[in-house]
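Participant: have a look at this fold, sequence not included:
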């Protein structure tokens, strides 16, 4: 048995001895983008990535390299270990009753550079692997730090960089909450500080979220996501605009005034949705909008619906307590945001 809240290094020291019986790899079910390496391992970097395997037995081996953003290991839906530090992990979970089990490794936070590497799950001893079981529903979330779950478990708004890392839990953010509500697989393509055409305080001017979106890892421009494959979400939720409008324009930015910025935002947003619809024609869109930009989001929805009726609807959000780090949504806010999206999905009969 392993304790929770251990570091990766401590976990390595706590594992059982190398199994005497040959290991059998588990077929994988995963959520999120990965890069397939020549040795069979999987590189990952986007928040919210997860890996699942099923087996019959009483012990399972787990191997991965943990990103600094943290990983959580679950067995049959119960948390068994949390890894807060980067490092190689090779552990064996034992002491379970002989039977069918599900092991799951999920990424908790954000690693804008670096990321992690998943090596595999293996059933130990007399057990055997069971087939992976993907879900029939799929939902994708595209956004910024709100979608990441930036500092959402914090006890206050003032946080150090280390505290932000420790208190960011994407799996508790509104996106995974919605997915669990509908028993859906999910994908999180979100990057803190980025917007549709403008990033927070005018930073990183050569990139925006639509440009990052196609990457298999946020920091690898050369690794692009090609054909969608089996990923065909029925719903795509987009929440972008907070960073475009939350800070005043600087004199050296390319828009003369706020009106020019908003026009550019709407134009690029419409084009981005067109790109997404071309890639995922079966999907319908839910566009989230905060007080500062929901009017622009409504105009975007009107524009895309003029071309494809019923393609997009708008979910406004307001009145959040924003008690997370740096005035971000708290866990209570995550529940509110998830509820708004769940209501919209149900009302539109999307699931």
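Facilitator: That came in fine, so what should we check first? Note that the structure is a prediction, hence the values are computed from the model and not measured.

Participant: show me what contacts the closest residue in space to residue 99 that isn't next to it in sequence?
Facilitator: Excluding the flanking residues, the one nearest residue 99 by C-beta to C-beta, 6 or more residues apart in numbering is residue 56, at 6.7 Å. (Each C-beta comes from the backbone N, C-alpha and C, glycine too.) Counting by C-beta atoms under 8 Å, 6 or more residues apart in numbering, residue 56 touches 98, 99, 100, 101, 123, 127, 128, 130.

Participant: put the buried members of these into a PyMOL selection.
Facilitator: The PyMOL selection below is limited to those of the contacts of residue 56 classed as buried (16 or more other C-beta atoms under 10 Å):
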select buried, resi 101+123+127+130
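
Participant: now, the contacts of residue 56 that are in strands?
Facilitator: With DSSP state E as the criterion, strands contain 99, 100, 101, 123, 128, 130 from among the contacts of residue 56.

Participant: can you redo the residues you listed as a markdown table with pLDDT and distance to residue 309?
Facilitator: A markdown table is the format used below for these (pLDDT from 0 to 100; distance: C-beta to C-beta, whole Å):
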| residue | pLDDT | distance to residue 309 |
| --- | --- | --- |
| 99 | 96 | 50 |
| 100 | 97 | 46 |
| 101 | 98 | 47 |
| 123 | 96 | 50 |
| 128 | 96 | 51 |
| 130 | 97 | 44 |
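
Participant: what helix or strand does the residue nearest to residue 99 sit in?
Facilitator: Following DSSP states H and E, the helix or strand that holds residue 56 is strand 50-57.

Participant: now do the buried residues in that strand.
Facilitator: 50, 51, 52, 53, 54, 55, 57.

Participant: likewise for stretch 152-169?
Facilitator: 152, 153, 154, 159, 164, 165, 166, 167, 168, 169.

Participant: and that stretch, how far from the chain's centre?
Facilitator: Its chain's C-alpha centre lies 17 Å from the corresponding centre of stretch 152-169 when counted by C-alpha atoms, centre = their mean, to the nearest Å.

Participant: and the spatially closest residue to residue 156 that is not a sequence neighbour, how many neighbours?
Facilitator: Nearest residue to residue 156 in three dimensions, chain neighbours excluded: residue 323, at 6.8 Å (C-beta to C-beta, 6+ apart). Here the count is done by other C-beta atoms under 10 Å, and residue 323 has 18 residues near it.

Participant: residue 323 contacts residue 152, doesn't it?
Facilitator: No. At 9.2 Å, residue 323 does not count as touching residue 152 under the criterion of C-beta atoms under 8 Å.

Participant: at which residues are the helices of the stretch 201-350 of the chain located?
Facilitator: In the stretch 201-350 of the chain, the helices defined using DSSP state H, counting those that start in this stretch lie at 209-212, 242-245, 258-279, 294-307, 331-348.

Participant: any chance of these in TSV, plus mean neighbour count and distance to residue 108?
Facilitator: Below are the helices of the stretch 201-350 of the chain laid out as TSV (neighbours: other C-beta atoms under 10 Å; distance: least, C-beta to C-beta, whole Å):
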stretch	mean neighbour count	distance to residue 108
helix 209-212	19	20
helix 242-245	23	22
helix 258-279	17	26
helix 294-307	17	29
helix 331-348	17	14
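
Participant: what about residue 65, neighbour count?
Facilitator: 19.

Participant: could you do the one 3 residues further on as well?
Facilitator: The local packing count at residue 68 equals 19, with neighbours defined by other C-beta under 10 Å.

Participant: now it. Nearest residue, chain neighbours left out?
Facilitator: residue 86 (4.7 Å).

Participant: re the thing from before, could you identify the most distant pair in the buried residues of stretch 152-169?
Facilitator: 159 and 169 (13.4 Å; C-beta to C-beta).
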